[in-house]
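J.: Fold the following, please.
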Amino acid sequence: DMIKVVVHELDEEKGQIRLSTRQLEPKKGDMLRDPKLVYEKADEMYALWKAQEEQLAAKAAGKGNGGGSGGDGEGSNAGKGEKKEWVVYGVTSLENASPSQKQAAAKVLGRFKAGQLLEGAVQNVTAAGVFVDLGRNVRGLLARKWISSMFPKDDSLPALFSKGDMIKVVVRYVDEEKCQIKLTTKPLEPKQGDMLRDPDLVFEKADEMYAKWRTEQEKEAEKGGSEEGGRSEGPEKKGPAKAKAEAVAGGGSADSK
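T.: The predicted structure follows:
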């Protein structure tokens, strides 16, 4: 087949050229639904994408490194967000990232919060878990132990997930240091272990179960707030935001696993 692609990244060290077709999709997910349509409209969608990139580059050049006060706020235009997410995708760790990459990554990751319900496409299934494409070149990891309240067997994941499956997930924790969004599907299970028995049922009822779970979390948060008012120091030893985020998305206390 003759296909059209966009060069995503040149890795001179490894001698690799990484490609993408996401910029050519008229709508998110069209490459999975109708690749022929994508290639028919490829020139048109590429021109639109390039125009957005050029606008963004012009704005960035105008701002220079002076940075500032409200210029990086969310929401004035989509192109701005797209560029930042594009940068994030190529950054595996903020430790070795450039200052501009760190800033861009932090902005994108800042839009994801523990407890959010998201929809994404399965990108890759490994023994460790499932990588989920959350759109706009941002992906998250659904680790094996966070898929179900009952621990999945090593070889069970390929039977549960296939590349391209659209699934719903809850953000468990956003790790800005490692540039990772960690996910879970535990709160979406009507009964413990349903993700292993019937994942389709779980995703069908995902919105309903998520609403119930959020209500329970809010009630627990209210109770926790009133209890903490009478304590000088809690017994928590797990560390600040991470323990709290994992607890919220896992549906239990800070010490739950």
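
J.: tally of neighbours for Ser19?
T.: Small correction: residue 19 is Leu, not Ser. Taking other CB atoms under 10 Å as the criterion, the count of residues near Leu19 is 12. (Each C-beta comes from the backbone N, C-alpha and C, glycine too.)

J.: Now it. Nearest residue, chain neighbours left out?
T.: Residue nearest to Leu19 in three dimensions, not counting chain neighbours: Val5, with 4.2 Å by CB to CB, 6 or more residues apart in numbering.

J.: Got the confidence number for that neighbour?
T.: The score at Val5 is 87. That number is its pLDDT.

J.: Quick check: it touching Arg22?
T.: No - look at Val5 against Arg22 with CB atoms under 8 Å: they stay out of range, at 10.1 Å.

J.: Of the two, which one has the most company?
T.: Comparing Val5 with Arg22 by other CB under 10 Å, the one with more neighbours is Arg22, at 21 against 14.

J.: ok, now how distant is the more buried one from Val170?
T.: Separation of Arg22 from Val170 (CB to CB, to the nearest Å) stands at 24 Å.

J.: Tell me where this structure has strands.
T.: 6-11, 16-20, 117-125, 129-135, 138-143, 166-175, 180-184 (DSSP state E).

J.: Which of the ones you listed sits closest to Trp49?
T.: strand 6-11 (7.7 Å; CB to CB).

J.: Name the residues that touch the closest one?
T.: 16-24, 46, 49, 89-90 (CB atoms under 8 Å, 6 or more residues apart in numbering).

J.: Most neighbours among those, which one is it?
T.: Within the contacts of strand 6-11, neighbour counts (other CB under 10 Å) peak at Leu24, which reaches 24 neighbours.

J.: Now for it: which residues touch it?
T.: Per CB under 8 Å, 6+ apart, neighbours of Leu24: Lys4, Val6, Met31, Val38, Tyr39, Lys41, Ala42, Met45, Tyr46, Trp49.

J.: Put the buried members of those into a PyMOL selection.
T.: In PyMOL syntax, the buried subset of the contacts of Leu24 is picked out as below (16 or more other CB atoms under 10 Å):
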select buried, resi 31+38+39+42+45+49
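
J.: Report how many residues lie close to Asp30.
T.: 18.

J.: pLDDT at it, what is it?
T.: 87.
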